[in-house]
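# sequence isn't available, so here's the structure alone:
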Ligand SMILES: NC(=O)c1ccc[n+]([C@@H]2O[C@H](COP(=O)([O-])OP(=O)(O)OC[C@H]3O[C@@H](n4cnc5c(N)ncnc54)[C@H](OP(=O)(O)O)[C@@H]3O)[C@@H](O)[C@H]2O)c1
């Protein structure tokens, strides 16, 4: 099969298209013929081996995972003898970070728990956008104890995670204020945001409005700014953004959570039951992926470079 392979840590230039053997199929594994994959910020972290803690999992000096990429959609080519949920011909989507990555290839093997049946109303490209970003948005909102009628602020609303977070937060019956730059204002409004703050012109932290839940999916704001915009018993959940945003949530989050306000960070754990929640949200018409750009398998280096630049509008897709 054709796959995008690397032997060393480094920039997207270390990636190249090669002919490799098919992945081995264990008894509990499903072999998927990949029709589409999607790119995530995690790709370039894994590619470069930065920040350093990534290397504790991915190999200190030499990367253990030669084919990167986490999110796939495709059809089942073959199943191991202990697989009970899927059979050849089923159309599926799934997430591979817990089984060695490998999305940027014509075939991928995954345990059945990493997969779910593809939402019937989505294309393979659309379905491939869901796993990492959709689970991150869902788990971030849950961490913020999302509830009906909550006033929710989403920073980074125009990115892969943010565009799902806007739609999932709306599906919970909340009032969503999305923070993004000028060029994305209309897009985030079109996916359901009730209010939009253009961060190039206005500052959510000084407007005097308070939110029950703040989800920071991107951005570079201090935890004290977020705290100022929280209600007295509000929750702040951080899933992504700058190193400062990450470090402050880790260091100060537990200290600031001694009172009624809660501050925490979220490391996504994609799983089958959340994939099924995302599928249901799409099939019921409450969520639709926003696709920014499409790349071919041979163009994965350009796709990763584009995501690394940090200005994707929704998701970036790779087609086989
Ligand atoms: N915790 C986890 O397990 C987990 C899982 C997935 C992702 N992540 C992290 O979450 C972050 C976002 O992921 P993603 O997939 O959504 O990334 P993404 O799609 O690459 O995010 C790009 C978007 O962020 C917006 N943005 C950039 N700077 C901003 C700022 N200062 N304020 C507000 N918006 C800004 C950009 O809009 P403009 O171009 O208009 O600025 C762009 O639309 C990344 O840091 C990623 O590493 C964490």
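Okay, I see it. Since we're looking at a predicted model, the values are computed, not measured.
# who's in contact with residue 22?
With contact taken as CB atoms under 8 Å, 6 or more residues apart in numbering, residue 22 is in contact with 1, 31, 107. In this view, the C-beta of every residue, glycine as well, is placed from N, C-alpha and C.
# correction: residue 28
Contact analysis of residue 28 by CB under 8 Å, 6+ apart lists 80, 82-83, 111-112.
# grab the nearest non-local neighbour of the residue of the stretch 1-150 of the chain found nearest the ligand.
Nearest to the ligand, among the residues of the stretch 1-150 of the chain, is residue 41, at 3.3 Å (CB to the nearest ligand atom). Leaving aside its sequence neighbours, residue 41 sits nearest to residue 307 (CB to CB, 6 or more residues apart in numbering; 6.1 Å).
# for that neighbour, report the pLDDT, please.
pLDDT recorded at residue 307 is 98.
# and for it, the neighbour number?
Per other CB atoms under 10 Å, the neighbour tally for residue 307 reads 24.
# what is the three-state secondary structure of it?
With DSSP: H, G, I helix; E, B strand; the rest coil as the basis, residue 307 sits in helix.
# how close does the residue in the stretch 51-200 of the chain that the ligand sits nearest to get to residue 308?
Closest residue of the stretch 51-200 of the chain to the ligand, CB to the nearest ligand atom: residue 159 (2.5 Å). From residue 159 over to residue 308 the distance is 13 Å, taken as CB to CB, to the nearest Å.
# more crowded one of these two?
For the pair residue 159 and residue 308, the greater number of neighbours falls to residue 159 (27 against 17), based on other CB under 10 Å.
# checking the closest residue to that one other than its chain neighbours next. Helix, strand or coil?
Excluding the flanking residues, the one nearest residue 159 by CB to CB, 6+ apart is residue 218, at 5.2 Å. Using three-state DSSP, the secondary structure recorded for residue 218 is coil.
# right, and residue 218 touches residue 199 too?
No: Residue 218 is beyond contact range of residue 199, at 10.4 Å (criterion: CB atoms under 8 Å).
# how about the residues of the stretch 51-200 of the chain by the ligand?
Of all the residues in the stretch 51-200 of the chain, those in contact range of the ligand (CB under 6 Å from any ligand atom) are 132-133, 136, 155-156, 158-162, 179-181, 184, 199.
# just to revisit the earlier point, out of the contacts of residue 22, which are buried?
31, 107 (16 or more other CB atoms under 10 Å).
# in strands only, show me the contacts of residue 22.
Counting by DSSP state E, the contacts of residue 22 place 31, 107 in strands.
# between the contacts of residue 22, which is nearest residue 116?
residue 31 (16.2 Å; CB to CB).
# tell me the pLDDT at the closest one?
Looking at residue 31, its pLDDT reads 98.
# ok, now the one 4 residues further on?
At residue 35, the model reports a pLDDT of 98.
# equivalent analysis for the one 5 residues further on, please.
We note a pLDDT of 98 for residue 40 in this prediction.
# give me the number of residues near it?
Counted with other CB under 10 Å, the neighbours of residue 40 add up to 29.
# cool, and residue 190?
For residue 190, the neighbour count with other CB under 10 Å is 10.
# bridged to residue 71, which residues?
According to DSSP bridges, the partner residues bridging residue 71 are residue 38, residue 95.
# distance of it from residue 307?
Distance, residue 71 to residue 307, using CB to CB: 12 Å.
# residue 1 too?
Taken as CB to CB, the span from residue 1 to residue 307 is 24 Å.
# now do residue 23
Separation of residue 23 from residue 307 (CB to CB): 24 Å.
# mind checking pLDDT for the residue of the stretch 201-320 of the chain found nearest the ligand?
Using CB to the nearest ligand atom, the closest approach of the stretch 201-320 of the chain to the ligand is made by residue 240 at 1.9 Å. Looking at residue 240, its pLDDT is 96.
# I'd guessed it sits against residue 161; true?
Yes: contact status for residue 240 versus residue 161: in contact at 6.2 Å, counting by CB under 8 Å.
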